[in-house]
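# return atomic coordinates for the entry below.
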Amino acid sequence: MHNQEAFSVSTAAAIIVAAGSGSRLGGQVPKQFLTIGGKTVLQWSIDAMLRCNKIASVVVVAPADAAPQTAATLRPDPRLQVVAGSPVSRTESVRKGLSALAGDPPAAVLIHDAARPGLDVAVIDELLEALTSADAACPALPVADALKKSGDDIRSVDREGLVHVQTPQAFRWDTIIRAYETAAASAVDDLALLEGTGAKIVLTPGRAALMKVTYPEDLAVAEKLIAAPALRVGTGFDVHGFEPGDAVILCGVRIPHTKKLEGHSDADAAWHALTDAILGALALGDIGDHFPPSDPQWKGAASIKFLQHAVKLAADRGFRVANADITILAERPKISPHREAMRRATAEAMGVALDAVSVKATTTEKLGFVGREEGIAAQASVLLSR
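Next up is the predicted model:
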């Protein structure tokens, strides 16, 4: 069956099967929608597929009665589509995923179980590389434990040559389509449809992190393997000069003064610095990249929009603000009478506890533009925790 001609994976697609009920896990929520490290089990696999530049499209096969609800839980992406699966079997659900791709078939397709959230791009690359010389490929781990056949007469089983097979399983498009055209019944996995057909199947290195979440205790193990605590530190700095006015806005609090701060938005130097600190921790540029001062829609905008945008970007990546520290450099107005209000406003804007936010103020001993009362500067540092 194997075609000996050179094969190049010019385009690849992925099918993520998430149509099961997860009954063995217990509880009311299917396991693919449970959360690990701030993301659903399903979203982990989607993100890994979309990070691979060889994957042009991803089809999520959702529970038959919950496709719209599933789509609503996912981060929008033009490469992503959700289709309703089959309540009958996994094989029929995969068939529906293949049908969704048939209009513009890729050179290769990866079929993955959403219950394996520990997928990474290296696994995908290895599978696609294997397809250059094979009809199908899948990651596998050698059996390390001793095996016994249970029953009245317990006996040892030779583990030589045995492996734990994982997903995603990768196939040349024509190969898997032919297999499904002749599939008469449900199979234990997609690879089983090729067994005995003469297809060349290659095993690539498996990963412990690619474990299948099946039972309640598996969630805790998966969390440790793929979502262990991760910390990100970011810093930000901002400065605004004075112009005629009657108040300054710092940390969302209006503070009466003989001048106001000049800026395209509300010129909240403190929250601008904090926003930059969060964006810096995420390696997502700076506030000007996301809210260009040349864009008229941000004229006079409240800086809470900028700050909450950065917090959402962090949450989308599985991070929360662990703590934030803001220092304001100003001769006047005096910050200390307003400090607690500024802390509360900042904590509320980010959705964190009050004791996670520090606001301090200092002068520059009459030195520099701050000392000459030409403006106010602010610096911020933030710690993000996965």
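# for the protein, which spans come out with low pLDDT?
Within the chain, the segments meeting pLDDT under 70 span 1-6, 8, 21-29, 228-229.
# which one's the longest strand in it?
If you go by DSSP state E, the chain has its longest strand at strand 231-244.
# who does it touch, helix- and strand-wise?
When contacts are defined as 3 or more C-beta pairs under 8 Å, 6 or more residues apart in numbering; DSSP states H and E, strand 231-244 packs onto strand 259-261, helix 269-281, strand 375-385. In this view, the C-beta of every residue, glycine as well, is placed from N, C-alpha and C.
# G118 belongs to a helix?
No: counting by DSSP: H, G, I helix; E, B strand; the rest coil, G118 is not part of a helix but coil.
# run a quick neighbour tally on it.
Neighbourhood size, G118 [other C-beta atoms under 10 Å]: 23.
# which residues does it contact?
By C-beta atoms under 8 Å, 6 or more residues apart in numbering, the residues touching G118 are W44, R207, A208, A209, L210, M211, A222, L225, I226.
# possible to save the helices and strands packed on strand 231-244 as CSV with mean neighbour count and distance to A341?
Converted to CSV, the helices and strands packed on strand 231-244 look like this (neighbours: other C-beta atoms under 10 Å; distance: least, C-beta to C-beta, whole Å):
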stretch, mean neighbour count, distance to A341
strand 259-261, 20, 17
helix 269-281, 27, 12
strand 375-385, 23, 16
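# tell me how far stretch 35-52 lies from the chain's centre.
Relative to its chain's centre, stretch 35-52 lies at 5 Å (C-alpha atoms, centre = their mean, to the nearest Å).
# show me where the stretch 151-300 of the chain has strands.
155-157, 163-165, 169-172, 201-205, 231-244, 247-250, 253-256, 259-261 (DSSP state E, counting those that start in this stretch).
# relative to P76, which of these is closest?
strand 231-244 (24.1 Å; C-beta to C-beta).
# what angle separates that closest one from strand 375-385?
Relative orientation of strand 231-244 versus strand 375-385 (axes from the mean of the first three to the mean of the last three C-alpha atoms, to 10 degrees): 160 degrees.
# so which bits of strand 231-244 are buried?
Neighbour counts using 16 or more other C-beta atoms under 10 Å place R232, G234, G236, D238, V239, H240, F242 of strand 231-244 among the buried residues.
# could you redo these as JSON lines and give each row distance to R90?
Shown next, in JSON lines, are the buried residues of strand 231-244 (distance: C-beta to C-beta, whole Å):
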{"residue": "R232", "distance to R90": "38"}
{"residue": "G234", "distance to R90": "43"}
{"residue": "G236", "distance to R90": "48"}
{"residue": "D238", "distance to R90": "53"}
{"residue": "V239", "distance to R90": "59"}
{"residue": "H240", "distance to R90": "59"}
{"residue": "F242", "distance to R90": "66"}
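# quick one: which of those residues is nearest L367?
V239 (14.5 Å).
# test my guess that that closest one contacts G368.
No: using C-beta atoms under 8 Å as the test, V239 is too far from G368 to be in contact (10.4 Å).
# spell out the residue ranges of the helices in this structure.
41-51, 67-73, 90-101, 121-130, 173-182, 216-226, 269-281, 287-290, 304-316, 339-350, 368-371 (DSSP state H).
# show me what the second one is packed against.
Secondary structure elements in contact with helix 67-73, counted by 3+ C-beta pairs under 8 Å, 6+ apart, are helix 41-51, strand 55-62, strand 80-84.
# can you say which of these is nearest to A347?
That would be, of those and by C-beta to C-beta, helix 41-51, which comes in at 27.2 Å.
# elements contacting that closest one?
Using 3+ C-beta pairs under 8 Å, 6+ apart, helix 41-51 sits against strand 12-17, strand 55-62, helix 67-73, strand 108-113, helix 121-130.
# got the contact list for it?
Helix 41-51 is contacted from outside by 14, 16, 18, 31-37, 39, 55, 58, 60, 70, 73-75, 77, 79-80, 110, 112, 114-121, 124, 213, 222, 226, using C-beta under 8 Å, 6+ apart.
# kindly export that helix (C-alpha atoms) in CSV.
What follows is helix 41-51, C-alpha atoms only, in CSV (Å, rounded to 0.1, in the frame of the first residue of the first chain):
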residue,chain,number,x,y,z
VAL,A,41,-8.3,20.3,28.5
LEU,A,42,-9.5,20.8,24.9
GLN,A,43,-7.9,24.3,24.5
TRP,A,44,-4.5,22.9,25.4
SER,A,45,-4.6,20.6,22.3
ILE,A,46,-6.0,23.3,20.1
ASP,A,47,-3.3,25.8,21.1
ALA,A,48,-0.6,23.2,20.4
MET,A,49,-1.9,22.5,16.9
LEU,A,50,-2.3,26.2,16.0
ARG,A,51,1.3,26.9,17.1
